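1. Generate a structure from the sequence data that follows.
(one chain, ligands or ions: 2)
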Amino acid sequence: MSATVIDGKAFAATVRAKVAGHVARLKEENGITPGLAVVLVGQDPASQVYVRSKGKMTVEVGMNSYEHKLEADTSEAELLALIDKLNSDPAVHGILVQLPLPKHLDEDLVINAIDPAKDVDGFHISNVGLLGTGQKSMVPCTPLGCLMMLRDHHGSLSGMDAVVIGRSNIVGKPMAQLLLGDSCTVTIAHSRTKDLPDVVRRADIVVAAVGRPEMVPGDWIKPGATVIDVGINRVDAGDGKTRLVGDCHYDSCAEVAGAITPVPGGVGPMTIACLLANTLTACCRANGLAEPEGLTA
Ligand SMILES: NC(=O)C1=CN([C@@H]2O[C@H](COP(=O)(O)OP(=O)(O)OC[C@H]3O[C@@H](n4cnc5c(N)ncnc54)[C@H](OP(=O)(O)O)[C@@H]3O)[C@@H](O)[C@H]2O)C=CC1
Ligand SMILES: Nc1nc(=O)c2c([nH]1)NC[C@@H]1CN(c3ccc(C(=O)N[C@@H](CCC(=O)O)C(=O)O)cc3)C=[N+]21
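-> Ligands and ions are numbered 1, 2, ... in the order given. Next up, the predicted model:
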């Protein structure tokens, strides 16, 4: 069998076009322009690339983008003061603090200082709790993007066996909550899981969010299963250059799977599209306007 390739790049473009349509209407009918503030602390090159591409796409869909680049040695008090300012700025509807933060800053403290209504990453404890109890919340972008692709491919996910490999707060745990919300039977695997290959072999849906290049081989995949590869790993390409690979071994998984997301061009672009969708949703909620349909979980 040769898997259907789920084209995240193309799907993300349709999500952004939908967002852009709503933004245009918000401007015209309500005189409101959604605004997204991205805060980057330090000079990590990979983070700088992401922040630049987020800013570019924010502007492309018609929103205002506010970038705040702080020195690596910024104090916690300075960062908290900036978040305070953004929390009370009515032009800012979404706030994203790029992770990871430099070691001297307490990530939990910083994230929980963001107004939950503006927490477009969905990392604030209030949003985590709302998601866990099935209430309206801000849903983390990467898992939301994965869910959108799964729903689009399968229609209903009800009753499917799903295995999420990875239990991080930003991907694995919220992904498991969303799959449970769609009535999958969910297993969360991690570094202490016994017989990981056997666990993965039971799954109709495999979401890999580990951070280990090409860790999941094709012979772990149940024939016909759907593989969502969240991993973004930069590896040596041999010729002095580097290339991106996922957490799944693409060629061998694609031979057995029914459907698979590529890296690059899979989950990554959907993450950014969902960030813009969340910013639009936050803006609508802040202004008491109807939320766009199909852009939240
Ligand atoms: N496409 C996108 O938009 C995004 C991609 N990513 C990528 O997704 C990947 C995961 O990110 P993130 O969740 O932040 O990573 P973390 O490092 O926070 O979590 C990794 C998880 O994988 C588990 N793990 C590690 N080794 C193994 C193993 N050998 N077998 C089974 N489980 C293992 C860990 O288990 P334990 O808890 O026991 O240590 C942990 O739960 C990375 O490649 C990252 O770059 C992340 C965010 C967005
Ligand atoms: N507060 C916070 N929120 C995040 O959502 C967040 C974060 N911090 N820190 C870092 C991770 C990583 N992440 C990615 C987003 C897009 C791509 C993406 O668009 N990737 C392209 C390739 C990009 C390239 O070529 O490097 C693709 O997969 O096709 C990847 C990774 C968001 N993260």
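2. the helices in the protein, which residues?
-> The residue ranges that make up the helices of the chain, judged by DSSP state H, are 8-25, 45-60, 76-87, 107-111, 125-132, 141-154, 172-181, 196-201, 250-256, 267-286.
3. and Ala117, which of the ones you listed is closest to it?
-> When those are compared by CB to CB, helix 267-286 sits nearest Ala117, at 6.3 Å. (Glycine included, C-beta is placed from N, CA and C.)
4. Let me know whether that closest one sits next to ligand 1.
-> Yes: for helix 267-286, a contact with ligand 1 is found by CB under 6 Å from any ligand atom, at Val267, Gly268, Thr271.
5. roughly how far apart are the closest residue to Asn233 other than its chain neighbours and ligand 1?
-> The shortest distance from Asn233 to any residue that is not its chain neighbour, by CB to CB, 6 or more residues apart in numbering, is 4.0 Å, and that residue is Pro213. With distances defined as CB to the nearest ligand atom, to the nearest Å, the gap from Pro213 to ligand 1 amounts to 8 Å.
6. tell me the phi and psi of Pro213?
-> phi -50, psi 120 (degrees, to the nearest 10).
7. Quick one: residues contacting it.
-> With CB atoms under 8 Å, 6 or more residues apart in numbering as the criterion, the residues that contact Pro213 are Gly231, Asn233, Val235, Val245, Gly246, Asp247.
8. Assess the claim that the first one and Val206 are in contact.
-> No: contact status for Gly231 versus Val206: not in contact, 11.9 Å apart, counting by CB atoms under 8 Å.
9. what's near enough to touch Ile32?
-> By CB under 8 Å, 6+ apart, the contact list for Ile32 reads Leu26, Cys283, Asn287.
10. which of the contacts of Pro213 has the most neighbours?
-> When these are compared by neighbour count (other CB atoms under 10 Å), Gly246 ends up highest, at 30 neighbours.
11. ok so, going back, please enumerate the shared neighbours of Gly231 and Val206.
-> Contact criterion CB under 8 Å, 6+ apart; residues shared by Gly231 and Val206: Cys248.
12. Select from the helices of the chain the stretch with the lowest mean pLDDT.
-> When the helices of the chain are compared on mean pLDDT, helix 45-60 scores lowest, with a mean of 92.
13. That one vs helix 267-286, what angle?
-> Per axes from the mean of the first three to the mean of the last three CA atoms, to 10 degrees, the angle that helix 45-60 makes with helix 267-286 is 50 degrees.
14. does any part of helix 45-60 sit near ligand 1?
-> No: using CB under 6 Å from any ligand atom, helix 45-60 stays clear of ligand 1, with a minimum separation of 8.8 Å.
15. helices or strands up against that helix?
-> For helix 45-60, the packing partners by 3 or more CB pairs under 8 Å, 6 or more residues apart in numbering; DSSP states H and E come out as helix 8-25, strand 35-41, strand 64-70, helix 267-286.
16. switch to 6 Å and redo it
-> Under the contact definition 3 or more CB pairs under 6 Å, 6 or more residues apart in numbering; DSSP states H and E, helix 45-60 sits against strand 35-41, strand 64-70.
17. what's it in contact with?
-> Leu36, Val38, Leu40, Ser65, Glu67, Gln98, Ile272 (CB atoms under 6 Å, 6 or more residues apart in numbering).
18. Can I get it in CSV? Just the C-alpha atoms.
-> Extracted in CSV, the C-alpha atoms of helix 45-60 (Å, rounded to 0.1, in the frame of the first residue of the first chain):
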residue,chain,number,x,y,z
PRO,A,45,18.4,31.3,15.2
ALA,A,46,15.6,28.7,14.7
SER,A,47,13.2,30.8,16.8
GLN,A,48,14.1,33.9,14.9
VAL,A,49,13.1,32.1,11.6
TYR,A,50,9.7,31.0,13.1
VAL,A,51,9.0,34.4,14.5
ARG,A,52,9.8,36.1,11.1
SER,A,53,7.6,33.6,9.2
LYS,A,54,4.7,34.1,11.7
GLY,A,55,5.0,37.8,11.4
LYS,A,56,4.9,37.6,7.6
MET,A,57,1.8,35.4,7.5
THR,A,58,0.0,37.5,10.1
VAL,A,59,0.3,40.5,7.8
GLU,A,60,-0.6,38.5,4.8
